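A.B. asks: build the 3D model from these lines:
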Amino acid sequence: MAGIVFFRTTMLQELVDFYVNDIGMYVWLEQEDCIILSQGNLLLGFCDREVPELEGMVTFFYPTKEDVDAMYDMLSHIATSQPVENEKYQIYQFFAEDPEGRALEFQAFLHQIEPIGF
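C.D. replies: Alright, predicted model coming up:
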(Lines give C-alpha, C1' and ligand atoms only; values in the text may rest on other atoms or scores of the structure.)
Protein backbone atom coordinates (compact mmCIF):
# COMPACT_ATOMS: atom_id res chain seq x y z
CA MET A 1 0.00 0.00 0.00
CA ALA A 2 1.15 3.54 -0.71
CA GLY A 3 -0.25 6.86 0.46
CA ILE A 4 -0.14 10.61 0.11
CA VAL A 5 -0.33 13.23 2.87
CA PHE A 6 -2.12 16.37 1.63
CA PHE A 7 -1.96 19.90 3.03
CA ARG A 8 -4.00 22.98 2.14
CA THR A 9 -1.80 25.95 1.24
CA THR A 10 -2.05 29.58 0.20
CA MET A 11 1.54 29.49 -1.16
CA LEU A 12 1.47 26.62 -3.64
CA GLN A 13 4.30 27.61 -5.99
CA GLU A 14 6.55 28.93 -3.21
CA LEU A 15 6.14 25.64 -1.31
CA VAL A 16 6.84 23.57 -4.41
CA ASP A 17 10.00 25.61 -5.04
CA PHE A 18 11.10 25.12 -1.41
CA TYR A 19 10.48 21.37 -1.24
CA VAL A 20 12.11 20.78 -4.65
CA ASN A 21 15.08 23.16 -4.42
CA ASP A 22 15.85 23.12 -0.70
CA ILE A 23 14.67 19.68 0.45
CA GLY A 24 15.40 17.66 -2.71
CA MET A 25 11.94 16.36 -3.56
CA TYR A 26 10.63 16.30 -7.11
CA VAL A 27 7.26 16.95 -8.71
CA TRP A 28 5.55 13.59 -9.12
CA LEU A 29 2.12 14.78 -10.34
CA GLU A 30 0.64 18.16 -11.22
CA GLN A 31 -3.10 18.70 -11.13
CA GLU A 32 -5.17 21.83 -11.64
CA ASP A 33 -4.73 23.21 -8.11
CA CYS A 34 -2.72 20.44 -6.40
CA ILE A 35 0.87 19.33 -6.78
CA ILE A 36 2.20 16.06 -5.40
CA LEU A 37 5.88 15.85 -4.51
CA SER A 38 7.92 12.69 -4.04
CA GLN A 39 11.19 11.53 -2.53
CA GLY A 40 11.88 7.94 -1.56
CA ASN A 41 8.74 6.53 0.00
CA LEU A 42 7.26 9.95 0.88
CA LEU A 43 4.49 11.60 -1.15
CA LEU A 44 3.39 15.09 -0.08
CA GLY A 45 0.50 16.85 -1.77
CA PHE A 46 -0.17 20.58 -1.57
CA CYS A 47 -3.47 22.03 -2.76
CA ASP A 48 -4.14 25.71 -3.35
CA ARG A 49 -6.85 26.77 -0.89
CA GLU A 50 -7.99 29.95 0.89
CA VAL A 51 -6.97 28.69 4.34
CA PRO A 52 -3.67 26.84 4.92
CA GLU A 53 -3.34 23.65 6.93
CA LEU A 54 -0.40 24.00 9.33
CA GLU A 55 -1.05 21.33 11.95
CA GLY A 56 1.16 18.29 12.36
CA MET A 57 4.74 17.83 11.30
CA VAL A 58 6.53 16.51 8.24
CA THR A 59 9.48 14.32 9.22
CA PHE A 60 12.27 13.46 6.82
CA PHE A 61 14.64 10.71 7.89
CA TYR A 62 18.11 9.97 6.60
CA PRO A 63 20.53 7.06 6.86
CA THR A 64 23.18 8.85 8.98
CA LYS A 65 23.79 11.69 11.41
CA GLU A 66 26.09 13.20 8.80
CA ASP A 67 23.17 13.43 6.38
CA VAL A 68 21.14 15.29 9.02
CA ASP A 69 24.09 17.63 9.63
CA ALA A 70 24.33 18.31 5.88
CA MET A 71 20.63 19.24 5.80
CA TYR A 72 21.13 21.47 8.84
CA ASP A 73 24.03 23.23 7.09
CA MET A 74 21.76 23.93 4.11
CA LEU A 75 18.70 24.90 6.19
CA SER A 76 20.14 26.55 9.30
CA HIS A 77 18.50 29.84 8.27
CA ILE A 78 15.04 28.27 8.82
CA ALA A 79 15.98 25.89 11.65
CA THR A 80 14.24 26.30 15.00
CA SER A 81 16.77 24.07 16.79
CA GLN A 82 20.24 22.64 16.34
CA PRO A 83 20.88 18.93 15.71
CA VAL A 84 20.86 16.91 18.94
CA GLU A 85 20.63 13.30 20.02
CA ASN A 86 17.25 12.36 21.46
CA GLU A 87 17.94 9.45 23.81
CA LYS A 88 14.26 8.66 24.41
CA TYR A 89 13.62 7.84 20.75
CA GLN A 90 17.21 6.97 19.79
CA ILE A 91 17.31 9.54 17.01
CA TYR A 92 19.46 12.46 15.95
CA GLN A 93 17.28 15.41 14.94
CA PHE A 94 16.67 19.08 14.33
CA PHE A 95 13.54 21.07 13.62
CA ALA A 96 12.73 23.79 11.08
CA GLU A 97 9.75 25.44 9.38
CA ASP A 98 8.73 25.59 5.75
CA PRO A 99 7.91 28.99 4.17
CA GLU A 100 4.28 28.77 5.33
CA GLY A 101 5.20 27.90 8.93
CA ARG A 102 4.63 24.14 8.77
CA ALA A 103 6.80 22.20 11.25
CA LEU A 104 9.58 20.07 9.76
CA GLU A 105 11.80 17.50 11.43
CA PHE A 106 15.02 16.06 10.02
CA GLN A 107 16.28 12.93 11.71
CA ALA A 108 18.40 9.79 11.58
CA PHE A 109 17.66 6.69 13.61
CA LEU A 110 20.52 5.70 15.90
CA HIS A 111 19.51 2.04 15.89
CA GLN A 112 18.79 -0.56 13.24
CA ILE A 113 15.48 -0.19 11.41
CA GLU A 114 13.70 -2.42 8.93
CA PRO A 115 14.00 -1.41 5.27
CA ILE A 116 10.95 0.32 3.81
CA GLY A 117 9.46 -0.45 0.44
CA PHE A 118 6.16 -0.93 -1.30
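
A.B. asks: residues making contact with stretch 7-24?
C.D. replies: Residues outside stretch 7-24 that contact it (C-beta atoms under 8 Å, 6 or more residues apart in numbering): 25-27, 33, 35, 37, 39, 44-54, 60, 74-75, 98-100, 102. All C-beta atoms are positioned from the backbone trio N, CA, C, and that covers glycine.

A.B. asks: in helices only, show me those residues.
C.D. replies: 74, 75 (DSSP state H).

A.B. asks: buried by neighbour count, from the contacts of stretch 7-24: which ones?
C.D. replies: Among the contacts of stretch 7-24, those classed as buried by 16 or more other C-beta atoms under 10 Å are 25, 35, 37, 44-48, 52, 60, 75, 98, 100, 102.

A.B. asks: format those as CSV; extra columns: distance to residue 9.
C.D. replies: Formatted as CSV, those follow (distance: C-beta to C-beta, whole Å):
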residue, distance to residue 9
25, 15
35, 9
37, 12
44, 11
45, 10
46, 5
47, 7
48, 6
52, 5
60, 18
75, 19
98, 9
100, 6
102, 9
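
A.B. asks: now, which of those residues sits nearest residue 4?
C.D. replies: residue 45 (5.0 Å; C-beta to C-beta).

A.B. asks: how far away is the closest one from residue 55?
C.D. replies: Residue 45 sits 15 Å away from residue 55, going by C-beta to C-beta, to the nearest Å.

A.B. asks: and for residue 78?
C.D. replies: Counting by C-beta to C-beta - residue 78 and residue 55 are separated by 19 Å.

A.B. asks: most distant residue from the centre of the chain?
C.D. replies: Farthest-out residue of the chain from its mean C-alpha position, per C-alpha atoms, centre = their mean: residue 32, at 22.8 Å.
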